[in-house]
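S.K.: Here's my sequence, what's the structure:
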Amino acid sequence: MMTAENFLHITLSEGIRIIKEHLEEQEHKERTPDGLSPETLTLFRCFKDAYDGRDLNKLSQVISLSYSGNFYGASNKEELLNFFENVFDNLPMAMAPKLQITVHKILDQDTSLFQCMVDFKSRLTVLGVPVANFDSGIVLCKSEPEGKHGIWKLTSIETV
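M.R.: Down below sits the predicted model:
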């Protein structure tokens, strides 16, 4: 027999499931601007995956040793990784960061340099439900291929 308490519990859990599915669907609808190379798309996806997973080792792999910029006061790779470490360490374990990267304009793209204007939006969720949002605003992002295999890495993120 269905009681009012059981109905409320099912409705709440079903509601959370629906909200979570909707948010996941929105994440998968990432648009790729015309002209974005597969290498650059891979770089941004790796950055997003590392951020979402709070994985400093993976973040380190996509950030160049020669990184320079002023994103959140970080002028080199070590400072940028320290910034992310501080962010991740201060998030409760139940809280999941979800990064959305929007490429607004590609400024330069060839075999040795990629520059674009992007917006990093971080949504913090608990059980898939958004609880806080942070927005970097428009930033200038640069990347270049490095090493003998020409792996693309972030070389600069600058506030505009």
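
S.K.: Show me where the protein has its helices.
M.R.: Counting by DSSP state H, one finds helices in the chain at the ranges 4-28, 38-52, 56-62, 77-89.

S.K.: quick one, the last one and helix 38-52 angle?
M.R.: This points to helix 77-89. 50 degrees (axes from the mean of the first three to the mean of the last three CA atoms, to 10 degrees).

S.K.: hmm, back to that, among the helices of the chain, which is nearest residue 104?
M.R.: Proximity to residue 104, assessed across the helices of the chain by CB to CB, is greatest for helix 38-52 (13.0 Å). (Glycine included, C-beta is placed from N, CA and C.)

S.K.: ok, longest strand in this protein?
M.R.: For the chain, the strand reaching the highest residue count under DSSP state E is reported as strand 129-146.

S.K.: Let's have the helices of the chain in a markdown table, adding mean pLDDT and mean neighbour count.
M.R.: Shown next, in a markdown table, are those (pLDDT from 0 to 100; neighbours: other CB atoms under 10 Å):
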| stretch | mean pLDDT | mean neighbour count |
| --- | --- | --- |
| helix 4-28 | 65 | 11 |
| helix 38-52 | 93 | 17 |
| helix 56-62 | 97 | 16 |
| helix 77-89 | 95 | 15 |
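
S.K.: Could you name the stretch from those helices that's closest to residue 152?
M.R.: Across those, the minimum distance to residue 152, taken as CB to CB, is reached by helix 38-52, at 4.6 Å.

S.K.: For stretch 138-147, which outside residues touch it?
M.R.: The contact list for stretch 138-147 (CB atoms under 8 Å, 6 or more residues apart in numbering) reads 39-40, 43, 64, 71, 104, 107, 111-120, 151-160.
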